[in-house]
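Asker: A structural model of the following input is requested.
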Amino acid sequence: MGSRTWPSLISKVKEGGIDVIETYVFWNLHELQPGQYDFSGRRDVVAFMKEIRAQGLYACLRMGPYIEAEWTYGGFPFWLHDVPGVVFRSNNEPFKFYMQNFTTMMVNLMKSEGLYASQGGPIILSLIENEYRNVEKAFREYGPPYVRWAAEMAVGLQTGVPWCMCKQDDAPDPLINACNGLRCGETFKGPNSPNKPSIWTENWTSFVWSESNNQISRRHSISCRSLHCKEEWNLHQLLNEHFYHGGTNFGRTAAEYMITSYYDQAPLDEYGLIRQPKWGHLKELHEAMKLCSETILSVFPSMQSLGEQQEAYIFSGDSGGCAAFLVNIDNTKSVVVQFQNSTYELPQQSISILPDCKNVAFNTAKIYSQEKSHNSMQEQQYQPFKFDSAEKWEQFEEVIPQFDDTSLRSDILLEHMNTTKDVSDYLWYTSSIQQDSMEQQSTLSVKSLGHVTCFCEWRTCR
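Answerer: Prediction:
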């Protein structure tokens, strides 16, 4: 989305009950060539952070510089590919040199604008690397020292706010090991140190609501139970709904097999329009959690059995506050339970939130938000803006070369990226055979993982 849409988007996020906006930093958008930076237009990270601050929200800056994010090259600029001796994401001096340069530049930029919370700004958390544990073994003895170096480098930049590493169970102190994924509520082992909070950096919103049968995801209900109620966890937590808004992959910025539209199932769709009932249902969840946040953040819960597959997690503080989560993990039927001399109906695989231990403020399986037709501009009073000469819809087209205009010749298949330098997704090969007799039947067989086009002048070509 362009920078003119940011105030409206952030306003809808805030109205939905979100407190912190998490965003990536795209290295290949900002450092087009070594030392040449671009922060214009939609690349203006400073302006985005300032708009977050203006609307009274906080920010988590996922610095990367490797971000993955279903983004081309995982966010790495292509010129990094041509640095002599470079090995990405490894204890490799050329790679570490450029990674540190970019990270330092970004941190100094944020500092110069007073954007870290330690300076009164909105940024309360930063991320270095991303899901490195998934590939660490492939780097053998060069993986662990790279993790330690990245952590030391980040902390040495002295932002005054914490850093975290996603899916890095052994994140070195003081970095926080965070969880990404579908079932963090059940699978995350928790912080690797008692002085760290539990952070779920990617709770995938596409699984909260099932478009096919208009039902809330059971996975979401059970994860909600596990994350908010596990008494062995430190309760001072951050849960990121990933994504709350996806957007559009313009040009060739999407990773392989990704389409232009990105994460259209989010509470705010590709165009920034509210997707109901998901947006409203999550808003009600956020409101219910905030009604009891002071209580659940001040004490550890006790657990009470309410039946064979039902239980209550009770937060009762010395100040007199009380909040409860009533849980039904039975996936076959609704049940009626007794809790503190009152009767409650719990739908299958759901949680009821009682901010005062008496009244139900929210149940994960009950949908009260009105479902509206998707992308209805009239219902949302969406104000389109007029495109000027510099802003218009465009179709991205790859150039198909003419063989006679080319000069590159080879008898073997070439390495794709070294040849195209990432200016095209396609590497065109042309070959020809000549058949001496029209009476002769010929068969051309090509084994390839790419696309093969056969232009035939005679009858048989397969």
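Asker: quickly note the distance from P277 to P355.
Answerer: From P277 over to P355 the distance is 22 Å, taken as Cβ to Cβ, to the nearest Å. Where you see a C-beta, it was placed from the backbone N, CA and C, and this is true even at glycine.
Asker: between the two, which one's more packed in?
Answerer: Neighbours per residue, other Cβ atoms under 10 Å: of P277 and P355, the larger number sits with P355, 24 against 19.
Asker: quick one: contacts for that one?
Answerer: Shown in contact with P355 (Cβ atoms under 8 Å, 6 or more residues apart in numbering): 288, 291-292, 295, 323, 361.
Asker: what about 6 Å?
Answerer: By Cβ atoms under 6 Å, 6 or more residues apart in numbering, the contact set of P355 is 291-292, 323, 361.
Asker: next one: I259
Answerer: Applying Cβ under 6 Å, 6+ apart, no residues qualify as near I259.
Asker: out of the contacts of P355, who's nearest F88?
Answerer: Checking the contacts of P355 against F88 with Cβ to Cβ, the nearest one is C292 at 45.1 Å.
Asker: pretty sure that closest one contacts A323?
Answerer: Yes - with contact defined as Cβ atoms under 6 Å, C292 reaches A323; the gap is 3.5 Å.
Asker: higher neighbour count, these two?
Answerer: Each of C292 and A323 has its neighbours counted (other Cβ under 10 Å); A323 has more, 25 against 22.
Asker: partner residues bridging the more buried one?
Answerer: Judged by DSSP bridges, the bridge partners of A323 are F315.
Asker: do you know how far it is from Q158?
Answerer: A323 is 38 Å from Q158, where distance means Cβ to Cβ.
Asker: how many neighbours does L127 have?
Answerer: By the criterion of other Cβ under 10 Å, L127 has 25 neighbours.
Asker: neighbours of R4, how many?
Answerer: Residues near R4, counting by other Cβ under 10 Å, number 11.
Asker: and it, helix, strand or coil?
Answerer: Following DSSP: H, G, I helix; E, B strand; the rest coil, we place R4 in the helix state.
Asker: and the gap between it and M106?
Answerer: 24 Å.
Asker: also F88?
Answerer: F88 sits 18 Å away from M106, going by Cβ to Cβ.
Asker: of the two, which one has the most company?
Answerer: Higher neighbour count among F88 and M106: M106, with 22 against 17, using other Cβ under 10 Å.
Asker: which residues does the residue nearest the centre of the chain contact?
Answerer: For the chain, the residue nearest the mean C-alpha position is H242 (4.8 Å; Cα atoms, centre = their mean). The neighbours of H242, taking Cβ under 6 Å, 6+ apart as the test, are 202-204.
Asker: restricted to strands, list the residues you listed.
Answerer: 202-204 (DSSP state E).
Asker: what separates the first and last residues of stretch 417-427, distance-wise?
Answerer: For stretch 417-427, the first-to-last residue distance is 9 Å (Cα to Cα, to the nearest Å).
Asker: over to stretch 153-167?
Answerer: Start-to-end span of stretch 153-167 (Cα to Cα) is 19 Å.
Asker: ok, stretch 161-176 next?
Answerer: Stretch 161-176 has an end-to-end distance of 11 Å (Cα to Cα).
Asker: what about the nearest residue to T430 once chain neighbours are set aside, distance to R409?
Answerer: Closest residue to T430 apart from its sequence neighbours, by Cβ to Cβ, 6 or more residues apart in numbering: F403 at 5.1 Å. Distance of F403 to R409, given as Cβ to Cβ: 10 Å.
Asker: also K358?
Answerer: 81 Å.
Asker: please identify which of the two sits among more neighbours.
Answerer: Neighbour totals were compared for K358 and R409, and K358 leads with 12 against 6 (other Cβ under 10 Å).
Asker: quick one on the thing from earlier: need the contacts of H242 in TSV with neighbour count, pLDDT and distance to D330, can you?
Answerer: Putting the contacts of H242 into TSV (neighbours: other Cβ atoms under 10 Å; pLDDT from 0 to 100; distance: Cβ to Cβ, whole Å) gives the following:
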residue	neighbour count	pLDDT	distance to D330
E202	21	89	28
N203	22	86	23
W204	20	84	24
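Asker: low pLDDT regions in the stretch 351-462 of the chain?
Answerer: 370-393, 438, 440, 449-462 (pLDDT under 70).
Asker: what ranges do the strands span in it?
Answerer: With strands called from DSSP state E, counting those that start in this stretch, the stretch 351-462 of the chain shows them at 362-363.
Asker: for it, what spans make up the helices?
Answerer: In the stretch 351-462 of the chain, the helices defined using DSSP state H, counting those that start in this stretch lie at 377-380, 416-420.
Asker: after the longest helix along the chain, which helix or strand is next?
Answerer: When the chain is parsed with DSSP state H, its longest helix is helix 93-112. Counting by DSSP states H and E, the next helix or strand C-terminal to helix 93-112 is strand 123-128.
Asker: point out where this structure drops to low pLDDT.
Answerer: Using pLDDT under 70, the chain drops low at 1, 207-236, 370-393, 438, 440, 449-462.
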